[in-house]
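J.: Below are the sequence and a predicted model; questions follow.
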Amino acid sequence: MIPQPSAVTPELAEAALNCVPLIRARKLAEWIGASRQLTGSGVLKPALAIEACQALGIELPPGRLRTALDVDELMQDWEVACYAGYIIPNGSRVRAAARLTDMSPQTVLRSWLRAASAELGLPDEPCAGCLTVLHELSQADGPLDLARLAEAVRSPEPPEPEDVPCPGCGEIHDPQDLAAMIGYDEEDEDPDDSWGHAEDTVVSLVSYGVVTALASVPAGPDGSGEPRVRLTPLGRMLAESVFVGCAPPAEADAATLMGVLGAVPQKIAERMAAPWLTARSPASAVTELLSWAESADPAQRLIAMAFAMGVGPEAAPAWREWADRPGFGAYARIWLSEQGEEVPEHPGDQAWLTVEALSAASAAISPEAMPLMLGATLGNADASEAAQALTLMSGSGHPDAPWFVESVAAVTGIRPPAARWALPAGLPSGDVYQLKITLRGVSKPPVWRRAAVPAGLTLDQLHDVIQEVMGWEDGHLHVFSTPRRDYGTPGSDLGFADERKVTLAEVLIKPGAAMRYTYDFGDDWEHDILLEKILPPDPVARLSCLAGKGACPPEDCGGTWGYDSLKEVLADPDHEQHEELLDWLGLDSAAEFDPARFRLDEVNARLSQLA
C-alpha cells in the first residue's frame with residue numbers, strides 16, 4: 001500500500017510545506033547538504049549529531065553523546081527526512097536529495113504523503129488503530145472527540161465466521177470467544193491503551209496538518225468534555241489517497257485483493273473492496289474467493305471467508321458448488337445453513353473448523369504458545385474427554401491437525417487412543433543402530449547417551465526415544481536437521497518436512513553419518529546424533545540405553561548459557577539468586593542437585609514404557 005496524492009493543488013502543497021515535521025526534515029536535509037559521514041549503524045557520527053542538534057534547536061541529553069540514536073528528537077527528524085525523500089543515506093555517507101529543491105506541488109505532496117502515511121505504518125506494516133482513527137474522521141459528518149476515536153480503536157468489528165466449535169465442550173462459539181477461552185484475544189484492546197493510541201495518533205496527525213483541534217464540548221448529555229478534532233483539506237486528501245487510491249483495482253485477482261484487505265480492519269476493508277465487488281456478480285466474486293482460499297493458509301482463509309460471507313444471498317450458487325466437498329467445504333455448509341437451506345451433513349466439520357480456527361490464531365502467536373494455551377484448556381477437562389477431542393481433531397482431515405495433536409500431547413501428556421506408537425515387528429538382521437546422542441555446549445560434566453534403536457524407526461518415534469534417554473519433558477517443539485533437509489512436526493508454519501514419513505535408516509545410511517536434533521526453539525538445546533555402528537542381530541534389547549553421562553539440564557533454564565549460570569548460582573550459597581533457584585527447582589538444598597547424576601536403569605525403565 002503505497003499512497004499517491006489523490007489531489008494536487010498549490011493550496012494543499014503550501015499546507016504540506018508548513019507542517020512541522022516537513023519543516024524540520026527540510027532543515028535537517030539543508031544542513032546535511034552535499035555529504036555527511038555516517039557510522040556503521042547508518043546514523044550521523046556523534047560530533048555531527050551534535051552539530052545537527054544545534055542547527056535544529058534540539059536540546060542534547062546530559063553527558064557525553066555516544067550515538068545519535070540517543071537523541072529521540074533528532075532521530076524523528078531523520079526518519080521523516082528519509083520517508084520524504086529529502087535525504088539519501090548510502091553506506092557511510094548521507095546526502096540531500098535533488099527533490100529538496102523541487103517546489104512543484106506534485107513533488108511536495110508526494111514527499112508529504114510518504115512521511116504522513118509512514119505515521120500510519122504504511123506501506124509495510126499498516127497500523128489498525130491509526131488507520132481506524134483516520135477512517136472514522138473521514139466518515140464523520142462533523143468533529144469527533146477522543147472518546148469516540150478511542151472506542152473505535154478498542155472495538156473493531158469481530159471477524160466471521162461465527163460458528164466455531166469449542167474443542168473442549170463441542171459447543172459453538174464465535175472466534176473471539178474461542179480466542180478468549182485459550183487465552184488469546186488480540187481484538188480486545190485495553191481501554192487505557194486504546195485511549196493512548198487514539199491520542200498519540202491525533203497528536204501525530206495534527207503535526208502533519210491532517211487534523212485540526214477544536215474547542216471541547218462541555219460535558220453533559222450532548223458532549224463528553226473531551227477535545228474534538230476534524231480533518232483538514234490536507235487530511236481529506238490523505239484519507240482519499242489511502243482508502244480509495246490504495247484500494248485493489250477492479251481487475252485484481254483474489255490474491256491481490258486479500259493481500260490488501262487482510263492488512264486493514266474489517267470496516268476499512270469493506271470500503272476498499274467496493275470497486276472489486278462492483279466489477280463482478282456476487283456469485284463470481286465468491287467463486288474467486290473460494291478458489292483462492294482453498295489453498296491459502298488458515299489465517300488468510302478466515303479473512304477471505306469473512307469477506308465472502310458478507311457478499312450477500314445472491315452468491316448462493318457459488319456456495320452450493322462447494323457444499324459437497326470435505327474439509328474446506330464446511331464454510332459453504334455453514335453459509336447455506338444460515339440461509340435456511342438444507343445441506344449435507346459432514347460429521348467432521350466441527351473438528352475441522354476447530355483446527356482451522358486454532359491454526360489461524362497461531363499465526364499471530366509464537367509456534368509454541370498455541371499448543372500450550374490449548375493444552376491448558378484441555379488439561380482442565382476429563383482425560384478421556386480430552387483424548388476424545390484430540391481423536392476428533394486428528395481424524396478431521398485438516399492438514400494442521402497432526403501438528404496440534406502432537407503438540408498438545410507433548411504439553412499435557414494426553415494422547416488420542418491410537419496415537420501411541422509400537423516398535424516395528426520382525427526387523428531383519430542387522431537393523432539395529434548404535435547411536436551416540438551428545439548435548440552440545442554442556443560440559444563439567446558433559447551430557448551424552450549411547451542407545452540401541454531399530455533402524456526402521458520413523459523420526460517422530462526417534463524423537464520420543466531421545467526425550468526419554470536424555471530426560472527431557474517433551475514440552476516444546478523440535479526439529480531434525482540433516483544434510484538433505486529439516487524434519488519436524490507436520491502442519492506448522494516452520495516449513496519442516498514430515499518427520500513421520502522418513503525413517504532413521506533413510507537419513508543415517510552408514511556408520512559415521514550424523515545429524516542434529518534441536519529441542520525447544522527458545523533455549524535451543526542442540527544434540528549431535530552420530531551413527532557409531534550397525535549392531536549384529538540382537539546383541540541387546542531392540543530399544544535400550546547402553547551408556548551415558550551427565551544429568552539432563554532442567555527444562556526452561558535458558559539454554560546452555562542459562563544452565564552454566566544455574567550451576568554457578570547453586571554452587572554459591574551466598575549468591576542473591578541461590579534461594580530463588582532452589583524454589584524454582586523445587587529443591588530444599590543445593591546438595592540435591594547433581595549435574596553428574598545418570599542412572600542407566602532409570603533411563604531403560606522409561607524406554608520400556610514406549611513399546
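T.: Here it is on my side, so go on.

J.: okay, CA-based contacts and neighbour counts for the rest of this
T.: OK.

J.: So, low pLDDT: which residues of the stretch 501-611 of the chain?
T.: 537-542, 609, 611 (pLDDT under 70).

J.: quick one, helices of it?
T.: All helices of the stretch 501-611 of the chain, identified by DSSP state H, counting those that start in this stretch, fall at 504-507, 559-570, 578-585, 600-608.

J.: lowest-confidence helix or strand of the chain?
T.: Between all helices and strands in the chain, the lowest mean by mean pLDDT, DSSP states H and E belongs to strand 172-173, at a mean of 34.

J.: Quick one: mean pLDDT over the helix ranked longest in the chain.
T.: Ranked by residue count and defined by DSSP state H, the top helix of the chain is helix 191-207. Averaging pLDDT along helix 191-207 yields 88.

J.: other SSEs contacting it?
T.: With contacts taken as 3 or more Cα pairs under 8 Å, 6 or more residues apart in numbering; DSSP states H and E, helix 191-207 sits against helix 128-139, helix 146-154, strand 211-214.

J.: try 6 Å
T.: Judged by 3 or more Cα pairs under 6 Å, 6 or more residues apart in numbering; DSSP states H and E, helix 191-207 is in contact with helix 146-154.

J.: Dump the C-alpha coordinates for the helix it packs on into PDB.
T.: Extracted in PDB, the C-alpha atoms of helix 146-154 (Å, rounded to 0.1, in the frame of the first residue of the first chain):
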ATOM      1  CA  LEU A 146     -11.100  11.500  21.600                       C
ATOM      2  CA  ALA A 147     -13.600   9.300  23.500                       C
ATOM      3  CA  ARG A 148     -15.300   8.300  20.200                       C
ATOM      4  CA  LEU A 149     -12.000   7.700  18.500                       C
ATOM      5  CA  ALA A 150     -10.700   5.600  21.400                       C
ATOM      6  CA  GLU A 151     -13.900   3.500  21.300                       C
ATOM      7  CA  ALA A 152     -13.400   2.900  17.600                       C
ATOM      8  CA  VAL A 153      -9.800   1.800  18.200                       C
ATOM      9  CA  ARG A 154     -10.800  -0.500  21.000                       C
END
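
J.: List of residues touching it?
T.: 129, 133, 189, 194-195, 198 (Cα atoms under 6 Å, 6 or more residues apart in numbering).

J.: So which bits of it are buried?
T.: 146-154 (16 or more other Cα atoms under 10 Å).

J.: ok, now stretch 284-293?
T.: 285-290, 292-293.

J.: possible to save those residues as TSV with distance to Val502?
T.: Output for the buried residues of stretch 284-293, formatted as TSV (distance: Cα to Cα, whole Å):
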residue	distance to Val502
Ala285	42
Val286	40
Thr287	38
Glu288	37
Leu289	36
Leu290	34
Trp292	31
Ala293	30
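
J.: What lies in contact with the longest strand along the chain?
T.: Taking DSSP state E as the criterion, the chain has its longest strand at strand 525-534. Contact partners of strand 525-534, identified using Cα under 6 Å, 6+ apart, comprise 432-440, 511-519.

J.: Sitting in strands, which of those residues do you find?
T.: Those of the contacts of strand 525-534 lying in strands (DSSP E): 432-439, 514-519.

J.: Please type out the ChimeraX selection for whichever of those turn out to be buried.
T.: Typed into ChimeraX, the line below selects the buried ones among the ones in strands among the contacts of strand 525-534, using 16+ other Cα under 10 Å:
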select :432,433,434,435,436,437,438,439,514,515,516,517,518,519
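
J.: Would you format the ones in strands among the contacts of strand 525-534 as JSON lines with distance to Thr212 included?
T.: Listed next are those as JSON lines, based on distance: Cα to Cα, whole Å:
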{"residue": "Val432", "distance to Thr212": "77"}
{"residue": "Tyr433", "distance to Thr212": "75"}
{"residue": "Gln434", "distance to Thr212": "75"}
{"residue": "Leu435", "distance to Thr212": "72"}
{"residue": "Lys436", "distance to Thr212": "71"}
{"residue": "Ile437", "distance to Thr212": "67"}
{"residue": "Thr438", "distance to Thr212": "66"}
{"residue": "Leu439", "distance to Thr212": "62"}
{"residue": "Ala514", "distance to Thr212": "67"}
{"residue": "Met515", "distance to Thr212": "63"}
{"residue": "Arg516", "distance to Thr212": "60"}
{"residue": "Tyr517", "distance to Thr212": "59"}
{"residue": "Thr518", "distance to Thr212": "56"}
{"residue": "Tyr519", "distance to Thr212": "55"}
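
J.: Out of the ones in strands among the contacts of strand 525-534, which comes closest to Lys45?
T.: Using Cα to Cα, Thr518 comes nearest to Lys45 of these, at 41.5 Å.

J.: Skipping its backbone neighbours, what lies nearest that closest one in space?
T.: The shortest distance from Thr518 to any non-neighbouring residue, by Cα to Cα, 6 or more residues apart in numbering, is to Glu526 (4.4 Å).

J.: what about the residue lying closest to Ala34 once chain neighbours are set aside, which helix or strand?
T.: The shortest distance from Ala34 to any non-neighbouring residue, by Cα to Cα, 6+ apart, is to Arg95 (5.1 Å). Mapping Arg95 onto the secondary structure by DSSP states H and E places it in strand 93-96.

J.: same for that strand, what does it pack against?
T.: strand 36-37, strand 87-90.

J.: Can you add distance to Ala551 and give the helices of the stretch 501-611 of the chain back as CSV?
T.: Converted to CSV, those look like this (distance: least, Cα to Cα, whole Å):
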stretch, distance to Ala551
helix 504-507, 25
helix 559-570, 12
helix 578-585, 14
helix 600-608, 11
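
J.: And Ile509, its phi and psi?
T.: Dihedral angles of Ile509 (phi, psi; degrees, to the nearest 10) stand at phi -90, psi -40.

J.: burial count for it?
T.: 13 (other Cα atoms under 10 Å).

J.: List the residues that contact it.
T.: Taking Cα under 6 Å, 6+ apart, one finds nothing in contact with Ile509.

J.: that older thread, as JSON lines, the helices and strands packed on strand 93-96 with mean pLDDT, distance to Arg450 and mean neighbour count would be great.
T.: As requested, these are exported to JSON lines (pLDDT from 0 to 100; distance: least, Cα to Cα, whole Å; neighbours: other Cα atoms under 10 Å):
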{"stretch": "strand 36-37", "mean pLDDT": "96", "distance to Arg450": "58", "mean neighbour count": "18"}
{"stretch": "strand 87-90", "mean pLDDT": "95", "distance to Arg450": "55", "mean neighbour count": "18"}
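
J.: Just tell me which of the ones you listed ends up closest to Val569.
T.: With Cα to Cα, the closest approach to Val569 among those belongs to strand 36-37: 46.3 Å.
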